[in-house]
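1. pasted the sequence and its predicted model underneath.
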Amino acid sequence: MDDVKTTKLLIQKLRDNGWSKLKTDVLSFCAKHGVKTPDFASKFYPADFEEQEREILRCQLRHYEHDILVHPKFQNLTTISELCQQLAATGKNDDYHLIDRLIRLVLTLPVSTATTERAFSAMKLVKTRLRNKMDDGFLRDCLVTYIEKEIAVGISTDAIIDEFDEAPRRVDFN
């Protein structure tokens with residue numbers, strides 16, 4: 001829970017001190033060139049770009065505008081996913097690494113927010129009034145098992161017992 005708390009504080013700090021300028025630059029670039037952009041609702045958070053990275057991103061966007069938009073391999077792309085794949089295939093993701101990161105954030109944002117929301121919902125179910133005094137490590141272990149049910153279903157009880165039995169213990173359970 002401490003990790004979640006500090007992550008929320010860092011994201012809020014980014015929102016308060018500089019994300020708006022970067023977002024404005026990216027949105028104006030996209031509008032100028034007819035690129036569809038997702039709705040940046042207030043519940044979505046950007047990745048942590050440092051001030052120096054934001055300046056480099058502005059420079060990369062200027063080069064990108066004159067390079068990628070006229071490059072023949074990028075002419076018939078219709079989705080952001082295709083753009084990301086073509087950047088990797090041509091090696092341009094190294095030249096425009098911050099743009100590549102921004103594109104990947106847009107592609108993974110729905111998944112990351114869904115996972116976070118699922119984790120908080122699971123926490124409400126796992127950490128009940130009767131279990132209120134469990135420490136963070138045990139809570140984290142319970143939540144991982146609960147959230148990743150699809151993976152946990154594939155693990156047999158016998159495999160868990162065998163793994164537990166093979167681990168070195170201070171006391172022998174036999």
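-> Perfect, thanks for sending it. Residues are numbered from 1 along each chain as shown.

2. can you name the next helix or strand after the lowest-mean-pLDDT helix or strand in the chain?
-> The helix or strand of the chain with the lowest confidence, counting by mean pLDDT, DSSP states H and E, is helix 2-16 at a mean of 71. Remark: after helix 2-16, the chain's next helix or strand is helix 19-32, criterion DSSP states H and E.

3. report the buried residues of whichever helix in the chain runs longest.
-> Scanning the chain for the helix with the most residues, using DSSP state H, yields helix 97-126. Neighbour-count burial for helix 97-126, with 16 or more other C-beta atoms under 10 Å as criterion, is recorded at 98-100, 102-103, 106, 109, 122-123, 126. From N, CA and C alone the C-beta is placed, and that goes for glycine too.

4. so what secondary structure elements neighbour the following helix or strand past it?
-> For helix 97-126, the following helix or strand on the C-terminal side (DSSP H and E) is helix 136-147. Packing partners of helix 136-147 (3 or more C-beta pairs under 8 Å, 6 or more residues apart in numbering; DSSP states H and E): helix 97-126.

5. between helix 136-147 and the helix it packs on, find me the angle.
-> 100 degrees (axes from the mean of the first three to the mean of the last three C-alpha atoms, to 10 degrees).

6. for helix 97-126, name the packing helices and strands.
-> Using 3+ C-beta pairs under 8 Å, 6+ apart: helix 97-126 touches helix 51-67, helix 80-90, helix 136-147.

7. of all these, which one is nearest residue 12?
-> helix 51-67 (16.8 Å; C-beta to C-beta).

8. quick check: residue 153 vs residue 60, distance?
-> 44 Å (C-beta to C-beta, to the nearest Å).

9. which one's more surrounded, these two?
-> residue 60 (19 against 8; other C-beta atoms under 10 Å).

10. that one and residue 98 touch, don't they?
-> Yes: with contact defined as C-beta atoms under 8 Å, residue 60 counts as touching residue 98 (5.5 Å).
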